[in-house]
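K.L.:
sequence below, structure please.
(one chain, ligands or ions: 2)
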Amino acid sequence: MTDPTPAFPGGTILGYPRIGRRRELKRAVEAHWAGRIDEAALEAAAAQLRSATRERLAELGLGRDDSSIPESFSYYDQVLDTAVAVGALPERFAGLRAEDGSIPLSAYFTAARGAGENAPLEMTKWFDTNYHYLVPEIGPETVFSLSSDRFAAQVAEAKAQGFTTRPVVVGPVTLLALSKAADAAPERFSPLSRLDDVLPAYVELLAALRAAGAEWVQLDEPALVSQSLGHDDAELAAAAERAYAVLSAATDRPAILVAAGYAQLSADAWRVLAASGVEAVGIDLTRGAVPAVTTGLESKTLVGGVVDGRNIWRGDLAAAWAKLEALQGLGAAAVAAGTSTSLQHVPHDLADEPDLDPRLSSWLAFADQKTQQVVTLARGLADGAGAIADEVAAASAALADRRSAAGVRDGAVRARTAALTGADFDRGDYEARLAAQDAALDLPVLPTTTIGSFPQTGDIRRARARHGKGEITTDEYEGFLRDEIHRVVDLQEDLGLDVLVHGEPERNDMVQYFAENLDGFAVTANGWVQSYGSRATRPSILWGDVSRPAPITVAWSAYAQSLTDKPVKGMLTGPVTILAWSFVRDDQPLGETANQVALALRDEIADLEAAGIGVIQVDEPALRELLPLKQADQPAYLDWSVGSFRLSTAGAADQTQVHTHLCYSEFDVVIDAIAALDADVTSIEAARSRGEVIGDIATSGFSHGIGPGVYDIHSPRVPSVDEVVELLDRAAIELPLRQVWVNPDCGLKTRGYDETVASLRNIIEATRAIREKVSA
Ligand code: GLN
Ligand code: ZN
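P.N.:
Ligands and ions are numbered 1, 2, ... in the order given. You can find the predicted model right below:
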């Protein structure tokens, strides 16, 4: 044990992006997967990245030898890293272990990605972020033991480089709370019931870290803030009490920082952690308030998470400072400045964005700038507020500038949202709409359609890249896109689909495309953020009031419609999804921003109607993912999110058929919200859960059109006619026939043409078979 005070005198961050400023890790890992570089070369690339990260963080002001630099690298995912360290891999990967029982990198990647018969671990969202972790599978038989020396090796690697860093490990309560019961486990088995068994493996891990030279370890326990994991606060707090009694009693260990970001630590967990034997607790003060005074703090360091790890705004240093002062009032041994969460959710460095408007840039902070803010605040804690007065004033001035900047508040946009009334959110009677649509569209029973995108071929991507580089003219590029649309429309006519799409070849991404065409958004050149594994997205920055300078999709949809007598479905991304997959302004409620986006979409819908488009889909795949962690916050969220969707679509005429699409199958969680969207037709994922969703829909009494996906587009498999018949049979039995639509699970953009055509052909054949059956 080391003397814990004063800890992190120069401030600390809870984690740093690991993909590399130019996505170096993605390139190295994918080259390794493709067999182009061997494991040694991959390890060398990763080591170089870690070394550069440490140097960079020291350059930004974190201490080289005081454990304030986190050792937070991951090849794929931090939950998998920890599961592997404590040996918690499912039985099906047992054969991949080394002779000594340890889990090699190859097994780690197999668990992440699957191989042959060995399905990968399931992937799901990390709290309310756009990051996805791998879900460990834990059963009564899972054997826990230290199975990887990776964490310790990285500490030793840092030592050799002259750094004393702080390894970041997912804590035992969170690891188990995020796990799912292994397939073979008895019904109602809770992985958290294995807490006592996993703790010895953590004790071993702590000893190994200490032996490698770690003076501190960070155990991430965000589960202690959440109420959405199927455990209540008291149960999680009791688990934390038990876990940290055992871990702090370990004789051979580094000092422990328990960090709980993403929301307010529960009152129970706060009391338990304060009273425990750990040396430091990190709390999120951007999403939670300063907690109540409690006992046990006299010997602890509190890391005040006052710099927001979740957004890219420069933020309010004066407010952050005030929170640190309030934290000092709790009577802890020391208070350190920190981030609210790992910085893995933000891009590396604003300096990589020379093309951003300088004024906008002055309002922003990426990971490196946030690290500097932490360092500044730490200097204030050490030397007094006066020492950082200039920095605080500069941040306040930037905020004031942002508040008053043209574009941040656009009078015309504000006048429009201020004038909204209840009627603007209401499309009126569904039965009347249905009758008008039946007359206008004249569709067969079980109408067939797709979700929007057709395969994004190499040709499409190349043409887009060449246009971006100026190698082909805009005319040439648009000609190419028209040919592509023509091909896709002809293909759908040949296949015999009923409602056609244009295929979305013009879109790089369903959110960025709209961001590029709306005022109030900026796009970055290098602002990549890890989404999962080697995948990263480049969220747009929604900084100002949103408006639509010109129609966006109308020309493409109208062109497609000109080629066919069948209805072509216009294709828009909904307000909630546009917000969810962007960095959104933090100076007004999300609902207000969503309504601005909704009005821009409403205008687009009016223009599509005027151009003769009679079916319009507004995608909301992110509706579920923005659902707040705390149940108490959920009704307000559903209110504004559903409201913004309704605002975007409620201007449509009765005979215009409004579709929406949501791509997950946890239908039961948000069924009421989906019904409240009041879309005429909703398509959802169902193929993977073998149509169980159909049962959920039937029992919920959902009354509008519904297309439970019959083709799992996440897999290259072609569904057979028989299996589609089986799914449709079930739908036709459980639901009124006039409600049912036939479609794939999601867009086809990631699929190849061969499997797409074969699958659509089978879907249509199956649909014809059912139609014949029901008409007989
Ligand atoms: N219309 C989009 C597409 O087909 C929907 C994608 C999504 O739901 N993620 O690609
Ligand atoms: Zn989808």
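K.L.:
nearest spatial neighbour of D149, skipping sequence neighbours?
P.N.:
Spatial nearest neighbour of D149, excluding adjacent residues (Cβ to Cβ, 6 or more residues apart in numbering): A208 at 6.6 Å. For the C-beta atoms, the positions are set from N, CA and C on the backbone; glycine is no exception.
K.L.:
which strands and helices lie in contact with the helix or strand hosting R50?
P.N.:
Per DSSP states H and E, R50 falls inside helix 39-59. In this structure, helix 39-59 packs against helix 24-33, helix 105-113, helix 150-160, with contacts taken as 3 or more Cβ pairs under 8 Å, 6 or more residues apart in numbering; DSSP states H and E.
K.L.:
10 Å instead, please
P.N.:
Other elements packing on helix 39-59 under the criterion 3 or more Cβ pairs under 10 Å, 6 or more residues apart in numbering; DSSP states H and E are helix 24-33, strand 70-71, helix 105-113, helix 150-160, helix 367-383.
K.L.:
next SSE downstream of the longest one?
P.N.:
If I follow you right, that is helix 367-383. Along the chain past helix 367-383, the next helix or strand (assigned with DSSP H and E) turns out to be helix 389-404.
K.L.:
any idea which of the helices and strands packed on helix 39-59 is most buried?
P.N.:
A comparison of the helices and strands packed on helix 39-59 by mean neighbour count, using mean count of other Cβ atoms under 10 Å, puts strand 70-71 on top with a mean of 26.
K.L.:
pairing partners for it, with directions?
P.N.:
strand 166-170 (parallel) (DSSP bridges).
K.L.:
next SSE after the strand it pairs with?
P.N.:
Toward the C-terminus from strand 166-170 - assigned by DSSP H and E - lies helix 172-177.
K.L.:
partners of the helix or strand following that next one, with directions?
P.N.:
Downstream of helix 172-177, the next assigned helix or strand under DSSP H and E is strand 180-181. If you go by DSSP bridges, strand 180-181 pairs up with strand 137-138 (parallel).
K.L.:
quick revisit: mind checking the pLDDT average for the helix holding R50?
P.N.:
Mean pLDDT, computed over helix 39-59, is 98.
K.L.:
save the helices and strands packed on helix 39-59 as a markdown table, and put in distance to T524 and mean pLDDT too.
P.N.:
Putting the helices and strands packed on helix 39-59 into a markdown table (distance: least, Cβ to Cβ, whole Å; pLDDT from 0 to 100) gives the following:
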| stretch | distance to T524 | mean pLDDT |
| --- | --- | --- |
| helix 24-33 | 16 | 97 |
| strand 70-71 | 24 | 98 |
| helix 105-113 | 27 | 96 |
| helix 150-160 | 29 | 98 |
| helix 367-383 | 13 | 98 |
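K.L.:
before we move on, back to that, now the helix holding R50 and helix 105-113, what's the angle there?
P.N.:
Counting by axes from the mean of the first three to the mean of the last three Cα atoms, to 10 degrees, helix 39-59 lies at 80 degrees to helix 105-113.
K.L.:
grab the nearest non-local neighbour of the residue in the chain positioned nearest to ligand 1.
P.N.:
Distance from ligand 1 to each residue of the chain (Cβ to the nearest ligand atom) is smallest for G747, at 2.1 Å. Distances taken as Cβ to Cβ, 6+ apart put S453 closest to G747, at 3.6 Å, once the chain neighbours are dropped.
K.L.:
which ones are touching the residue positioned nearest the centre of the chain?
P.N.:
Centrality entry for the chain: nearest residue to the mean C-alpha point is N130, 1.0 Å, by Cα atoms, centre = their mean. Contact analysis of N130 by Cβ atoms under 10 Å, 6 or more residues apart in numbering lists H345, V529, Q530, S531, Y532, T537, P539, A580, W581, A622, E625, L626.
K.L.:
on that earlier part again, with only the CA atoms kept, save the helix holding R50 in PDB.
P.N.:
What follows is helix 39-59, C-alpha atoms only, in PDB (Å, rounded to 0.1, in the frame of the first residue of the first chain):
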ATOM      1  CA  GLU A  39       0.700 -10.400 -33.900                       C
ATOM      2  CA  ALA A  40       4.100  -9.000 -33.100                       C
ATOM      3  CA  ALA A  41       3.600  -6.200 -35.600                       C
ATOM      4  CA  LEU A  42       0.200  -5.400 -34.100                       C
ATOM      5  CA  GLU A  43       1.600  -5.400 -30.600                       C
ATOM      6  CA  ALA A  44       4.400  -3.000 -31.700                       C
ATOM      7  CA  ALA A  45       1.900  -0.600 -33.300                       C
ATOM      8  CA  ALA A  46      -0.300  -0.700 -30.100                       C
ATOM      9  CA  ALA A  47       2.800  -0.100 -27.900                       C
ATOM     10  CA  GLN A  48       3.700   2.800 -30.000                       C
ATOM     11  CA  LEU A  49       0.300   4.300 -29.700                       C
ATOM     12  CA  ARG A  50       0.300   3.900 -25.900                       C
ATOM     13  CA  SER A  51       3.700   5.500 -25.700                       C
ATOM     14  CA  ALA A  52       2.600   8.400 -27.800                       C
ATOM     15  CA  THR A  53      -0.500   8.800 -25.600                       C
ATOM     16  CA  ARG A  54       1.500   9.000 -22.400                       C
ATOM     17  CA  GLU A  55       3.900  11.500 -23.800                       C
ATOM     18  CA  ARG A  56       1.000  13.600 -25.100                       C
ATOM     19  CA  LEU A  57      -0.800  13.600 -21.700                       C
ATOM     20  CA  ALA A  58       2.400  14.600 -20.000                       C
ATOM     21  CA  GLU A  59       2.800  17.400 -22.500                       C
END
